[in-house]
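Student: Just a sequence and a predicted model for now, questions to come.
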Amino acid sequence: MSTRSFSARAIRTEVVKTISSLKKVAPQRLKSVNNLIDLDFDLLDVVEIILKLEKKYNLTIPDDVPVYSVDDFVNFIYRYKLYNITPATAAPPSSGR
């Protein structure tokens, strides 16, 4: 997949598919929550998701990047791939969570 073929929709589909396959959560439930904690995900679950997505998209999500929801993952990956920028710049603004 080239950088130019990435779209937020395609990334969202892959992120939801990855998370739902790892945690056996229906994709519709993932799309309707703002925080993975609401689905009883713990830190190890989030780390597992991060590792899978890093491998899939050939990138590194730094420890200090807040990834609490599907949108957080999608926004980070989209910005990183679309603009080919550094991880710090791709990080979404902190929402104070």
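Tutor: Nice, thanks for sending it over.
Student: make it CA atoms for all contacts and neighbour counts henceforth
Tutor: Noted.
Student: worst-scoring helix or strand of the protein, pLDDT-wise?
Tutor: Using mean pLDDT, DSSP states H and E, the weakest-scoring helix or strand in the chain turns out to be helix 87-90, at a mean of 53.
Student: name the element the residue positioned nearest the centre of the chain belongs to?
Tutor: In the chain, the C-alpha nearest the mean C-alpha coordinate belongs to Phe73, at 2.0 Å (C-alpha atoms, centre = their mean). Using DSSP states H and E, Phe73 maps to helix 70-83.
Student: Return the set of buried residues in that helix.
Tutor: Neighbour counts over helix 70-83 (16 or more other C-alpha atoms under 10 Å) mark 70-82 as buried.
Student: got these as a markdown table, with distance to Leu30 columns?
Tutor: Listed next are these as a markdown table, based on distance: C-alpha to C-alpha, whole Å:
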| residue | distance to Leu30 |
| --- | --- |
| Val70 | 7 |
| Asp71 | 10 |
| Asp72 | 12 |
| Phe73 | 12 |
| Val74 | 12 |
| Asn75 | 15 |
| Phe76 | 17 |
| Ile77 | 17 |
| Tyr78 | 18 |
| Arg79 | 21 |
| Tyr80 | 22 |
| Lys81 | 22 |
| Leu82 | 24 |
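Student: Just give me the least confident of these.
Tutor: Lowest pLDDT within the buried residues of helix 70-83 is found at Leu82 (81).
Student: now the residue nearest to the centre of the chain, nearest residue through space, not along the chain?
Tutor: Val67 (5.9 Å; C-alpha to C-alpha, 6 or more residues apart in numbering).
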